[in-house]
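Student: structure for this input, please:
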Amino acid sequence: QVQLVESGGGLVQAGGSLRLSCAASGRTFSRNAMGWFRQAPGKEREFVAAINWSGSSTYYADSVKARFTISRDNAKNTVYLQMNSLKPEDTAVYYCAAPDKFTLIPGRSNDEYDYWGQGTQVTVSS
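Tutor: Numbering: from 1, shown residues only. Have a look, this model is predicted:
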């Protein structure tokens, strides 16, 4: 059974940092892109960041560019999201996701991903 398990969420003051982790089990994702999405209350789930299978290319939503960094450790089947200079508008449930098949360029839409974690809450206070 494939599982993606996020961790590292919590409550932080504006300007602070958090590091999210997503550990995969049940299969290897070393040949798959990985992505992070988030969903704020009353809003649709939106793309945050993605990384290609090797980690050589990363992609970000404009709203998080230069503040967030996605990375991966294929030996650990884990993807990370380092979040710096956090703002109250970053408050959301954060999800990691993976497509079932190899893709050269990671997607930015929800329907391009087949596996999803349960999410981890990030709350940024002002």
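
Student: per-residue pLDDT, the residue positioned nearest the centre of the chain?
Tutor: The centre of the chain sits closest to W36, judged by CA atoms, centre = their mean, with a distance of 2.2 Å. W36 carries a pLDDT value of 98.

Student: skipping adjacent residues, who's closest to it in space?
Tutor: V48 (4.4 Å; CB to CB, 6 or more residues apart in numbering). Using the backbone N, CA and C atoms, a C-beta is placed for each residue, glycine as well.

Student: the one you found contacts L81, correct?
Tutor: Yes - contact criterion CB atoms under 8 Å: V48 and L81 qualify, at 7.2 Å.

Student: give the residues shared as contacts by these two.
Tutor: Shared contacts of V48 and L81, defined by CB atoms under 8 Å, 6 or more residues apart in numbering, comprise W36, F68, Y94.

Student: secondary structure class for the residue nearest to the centre of the chain?
Tutor: When classified by DSSP: H, G, I helix; E, B strand; the rest coil, W36 comes out as strand.

Student: please name the bridge partners of it.
Tutor: Taking DSSP bridges as the rule, W36 bridges to A49, C96.

Student: quick one: contacts for A33?
Tutor: A50, I51, N52, W53, A98, P99, T103, I105, P106, G107.

Student: contact partners for the nearest residue to it once chain neighbours are set aside?
Tutor: In this structure, A33 finds its nearest non-sequential neighbour in P106, 3.6 Å apart by CB to CB, 6+ apart. Residues near P106 by CB under 8 Å, 6+ apart: A33, M34, G35, A50, I51, N52, S57, Y59, P99, E112.

Student: I'd guessed the last one sits against A98; true?
Tutor: No - counting by CB under 8 Å, A98 is not a contact partner of E112; they are 10.2 Å apart.

Student: which of the two has more neighbours?
Tutor: When E112 and A98 are compared for neighbours, A98 comes out ahead with 21 against 15, by other CB atoms under 10 Å.

Student: gap between the more buried one and Q121?
Tutor: As judged by CB to CB, to the nearest Å, A98 and Q121 stand 21 Å apart.

Student: try A50
Tutor: For A50, the distance to Q121 - CB to CB - is 21 Å.

Student: among those two, which residue is more densely surrounded?
Tutor: A50 (26 against 12).
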